[in-house]
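1. Any chance you can model this:
(one chain, ligands or ions: 1)
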Amino acid sequence: MQAEQLVKELKSILGEDKILHEKLDLLSYSYDSSFKARNNRYVPDVVVTPTSTEEVSKVMRLAYEHGIPVTPRGAGTGETCGALAVNGGIVMDLATWDTIEEVDVENMQVHVRPGVVHAELNKHLAQYGLFFPPDPGSSAMCTVGGMVANNSSGLRAVKYGTTEQYVLGLEVVLPNGEVITTGGVNSRAIKNVSGMNLTKLFVGSEGILGVITKIRLRLWPKPKARGILMAIYDDLEAAPKTVLDVYKAGILPSGIEILDSSAIKAVNEFKPEINLPDAEAILLFELDGNPASVEWEGKEVSRLAKQRAAKVEWSTDPKRMAELWQGRAVTASAAARVRADGSRIFAGEDISIPLNKVTESLRRIKEIGKKYGIGVVNYGHIGDGNVHTAPVINPEDPAEVDKANKLIDEIHRTAIELGGSTTGEHGVGAVRSQYARLEHGAALDVMFTIKKALDPKGIMNPGKLLPEEGNNHAASASTGS
Ligand SMILES: Cc1cc2nc3c(=O)[nH]c(=O)nc-3n(C[C@H](O)[C@H](O)[C@H](O)COP(=O)(O)OP(=O)(O)OC[C@H]3O[C@@H](n4cnc5c(N)ncnc54)[C@H](O)[C@@H]3O)c2cc1C
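-> From the prediction side, this is the model:
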């Protein structure tokens, strides 16, 4: 179908107001936060902004009939080109559909439409003393739909887990326009083991199996107290040993973060007033719960940390906690400033490593950086092994870009070799699918089978999550624009 005809048909389904097709509008949908998107423009043929299940279904029926690719999009904060129309076609922007339909306090759950922004949801839930625990760094921008599609999490995943643990059910529009509800059509149950777990199939499927149009989320009571402990290490190897000591003592902190020497240096250069000590590593523990248990656990973690760290400080005073956390809070921004002529790139940024290999991974990443002459700032969630690496390059210099691509490839392969994964939070999108066979082996063929069963024409977010080898049927835009 020609682009003009497609726009005309979409207007007849959704009305003029929900279609964007001017060049400038389309350009603003051609990026996300990934390095790949910085160097490539993936401009869709048309953008639609539906705000009802019916509208989504009608668009999908049209796309299915004509074999036109559809890419769902939330806030576009992803770091993998996931929400970009790499094969052209329709981008379906769900960010404007941001209704909190019901807070069912008695059943500890909330029902939302996909465009609700994570931070806004938790602000709304605070009045009930409840919260949705996953906490991505992009909380103020990202949508709950994007979080479900990416199975997002954050530094508190160590205690609270990832988005998947909270999704009780979903409404999904399948590629052919059919609408299903997972987790029980009328269910408000928190526990449910009837039928296959289709909810889990869609969570983390990155928009390649259908469009998520409604989400039923489990809520948790908000903890009443919080404390922060900072431990400073002259020896990098000692830091993960403290983490293990804490677990062995039966304590589960809500966050355990590490800054290695590269991150400490970056923070001090960015904000000298923070003045972090010159050390091999800094650990930050966050403890939450009821006031008495937080006090007890804080004292116990202090005692354990002192056995290995050069200096330890624990506080429950809000002002001091913010000061202790400051270095971690600015690490990502600091990484972006370590070179006047360069910037941090979001690539190879999200490896997940077994706990007992985190130190080795940090040392190896340093070596890989040296090999290519590229500075890499390392920090992350040491409590669950999710290491964030921030290569800093001049993205305008093709020779540096070439070296960076090799460095990123080695970082991803190192993660797999150490028994980890290429991504702990940000997903695969169009930037990591080449590692799928290496990571998943024969299980990848089952993924292809599921994809083909639900999306035989390959129109749903083609070019993402699955590698080309089984993706030959993927649709590309046939709009002739
Ligand atoms: C500064 C910064 C910090 C970040 N920190 C974290 C972090 O701590 N943890 C973390 O996990 N991620 C993090 N991210 C990555 C990103 O913010 C998350 O993956 C986020 O959940 C994406 O939400 P979004 O609304 O922006 O989705 P988008 O980027 O728009 O889309 C992401 C993927 O979801 C699909 N999708 C979106 N909505 C739907 C839907 N309704 N139905 C089907 N598919 C859909 C898209 O097709 C795409 O594949 C960070 C990003 C930035 C820029």
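2. Tell me how many other residues crowd R218.
-> For R218, the neighbour count with other Cβ atoms under 10 Å is 18. Where C-beta positions appear, they are placed from N, C-alpha and C, glycine not excepted.
3. how about the residue nearest to it when sequence neighbours are not counted, what does it touch?
-> Counting by Cβ to Cβ, 6 or more residues apart in numbering, the nearest residue to R218 once its immediate chain neighbours are dropped is Y166, at 4.7 Å. Under the criterion of Cβ atoms under 8 Å, 6 or more residues apart in numbering, the contact partners of Y166 comprise F132, P133, P134, L217, R218, L219.
4. mind running it again at 10 Å?
-> Each residue near Y166 by Cβ atoms under 10 Å, 6 or more residues apart in numbering is listed here: 109-110, 132-134, 144, 147-148, 160, 203, 215-220.
5. go on, L84?
-> Taking Cβ under 10 Å, 6+ apart as the criterion, L84 is in contact with 29-32, 34, 36-37, 40-44, 71, 73, 76, 78, 91, 429-430, 461, 463-464.
6. which of the residues you listed are buried?
-> Burial by neighbour count, judged by 16 or more other Cβ atoms under 10 Å, picks out 29-32, 34, 36-37, 42-44, 71, 73, 76, 78, 91, 429-430, 461, 463-464 from those.
7. Next step: those restricted to helices.
-> Using DSSP state H, K36, A37 are the members of the buried ones among the contacts of L84 that sit in helices.
8. Mark which of the buried ones among the contacts of L84 are part of strands, please.
-> The strands in this structure, assigned by DSSP state E, contain T71, R73, V91 from the buried ones among the contacts of L84.
9. Tell me how many other residues crowd the spatially closest residue to T143 that is not a sequence neighbour.
-> In space, T143 comes closest to G74 once its chain neighbours are excluded; the distance is 3.5 Å by Cβ to Cβ, 6+ apart. Neighbourhood size, G74 [other Cβ under 10 Å]: 29.
10. can I assume G74 is in contact with P136?
-> No. Counting by Cβ atoms under 10 Å, G74 does not reach P136; the two are 11.5 Å apart.
11. what do these two both touch?
-> The contact sets of G74 and P136 overlap at H118, C142, G146, M147, N150 (Cβ under 10 Å, 6+ apart).
12. and which of those residues is nearest the ligand?
-> Checking the shared contacts of G74 and P136 against the ligand by Cβ to the nearest ligand atom gives G146 as the nearest, at 2.3 Å.
13. give me the element that closest one is part of.
-> helix 144-150 (DSSP states H and E).
14. same deal with L287?
-> Under DSSP H and E, the secondary-structure element containing L287 is strand 281-289.
15. For that strand, output the C-alpha coordinates as CSV.
-> Coordinates of the C-alpha atoms in strand 281-289 are reproduced here as CSV (Å, rounded to 0.1, in the frame of the first residue of the first chain):
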residue,chain,number,x,y,z
ALA,A,281,35.6,0.6,45.1
ILE,A,282,32.8,2.1,47.0
LEU,A,283,29.7,0.1,48.0
LEU,A,284,26.4,1.6,48.9
PHE,A,285,23.8,-0.4,50.7
GLU,A,286,20.2,0.7,51.0
LEU,A,287,18.1,-0.9,53.7
ASP,A,288,14.4,-0.5,54.0
GLY,A,289,11.5,-1.9,56.1
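16. measure stretch 57-75 end to end?
-> In stretch 57-75, first residue to last residue: 21 Å (Cα to Cα, to the nearest Å).
17. Please point out which parts of it sit buried.
-> Going through stretch 57-75 with 16+ other Cβ under 10 Å, the ones that come out buried are 57-64, 66, 68-75.
18. and the ligand, which of those reach it?
-> Taking Cβ under 6 Å from any ligand atom as the test, the ligand is in contact with T71, P72, R73, G74, A75 out of the buried residues of stretch 57-75.
19. ok, these vs the ligand, which is closest?
-> For these, the residue nearest the ligand by Cβ to the nearest ligand atom is G74; the value is 2.3 Å.
20. Helix, strand, or coil at A340?
-> In three-state terms, and counting by DSSP: H, G, I helix; E, B strand; the rest coil, A340 is coil.
21. Find me the pLDDT at it, would you?
-> Per-residue confidence (pLDDT) for A340: 87.
22. That one: neighbouring residues, count only.
-> The number of residues packed around A340, counting by other Cβ under 10 Å, is 6.
23. can you give me phi and psi for it?
-> A340 adopts backbone torsions of phi -60, psi -30, taken as degrees, to the nearest 10.
24. swap in the one 10 residues further on?
-> According to degrees, to the nearest 10, the main-chain angles of D350 amount to phi -140, psi 40.
25. Which residue comes closest to it once chain neighbours are left out?
-> H426 (4.3 Å).
26. any idea of the pLDDT on that neighbour?
-> In the predicted model, H426 carries a pLDDT score of 97.
27. where's it, which helix or strand?
-> Per DSSP H and E: H426 is located in neither a helix nor a strand.
28. Begin at 839 from now on, thanks
-> With the count now opening at 839, the last piece we talked about shows up as H1264.
29. The closest residue to P1305 other than its chain neighbours: how many residues sit nearby?
-> Counting by Cβ to Cβ, 6+ apart, the nearest residue to P1305 once its immediate chain neighbours are dropped is S1271, at 4.3 Å. Here the number of neighbours of S1271 (other Cβ under 10 Å) works out to 20.
30. give me every residue that touches S1271.
-> Per Cβ under 10 Å, 6+ apart, neighbours of S1271: T918, T1260, L1282, G1301, K1302, L1303, L1304, P1305, E1306, E1307, N1309.
31. quick one: the residue nearest to T981 from E1044, how far?
-> Separation of G912 from E1044 (Cβ to Cβ, to the nearest Å): 11 Å.
32. burial count for the residue nearest to D1188?
-> Neighbour count for H1264, taken as other Cβ under 10 Å: 25.
33. Equivalent analysis for P1233, please.
-> 16.
34. try R1158
-> Around R1158 there are 15 other residues, counting by other Cβ under 10 Å.
35. got the phi/psi numbers for it?
-> Given degrees, to the nearest 10, the pair of backbone angles that R1158 has is phi -70, psi -40.
36. per-residue confidence at it?
-> The model reports R1158 with a pLDDT of 96.
37. which residues touch it?
-> Counting by Cβ under 10 Å, 6+ apart, the residues that R1158 touches are G1065, I1066, M1068, E1151, W1152.
38. Of the residues you listed, which belong to strands?
-> Secondary-structure check on the contacts of R1158 using DSSP E: residues within strands are G1065, I1066, M1068, E1151, W1152.
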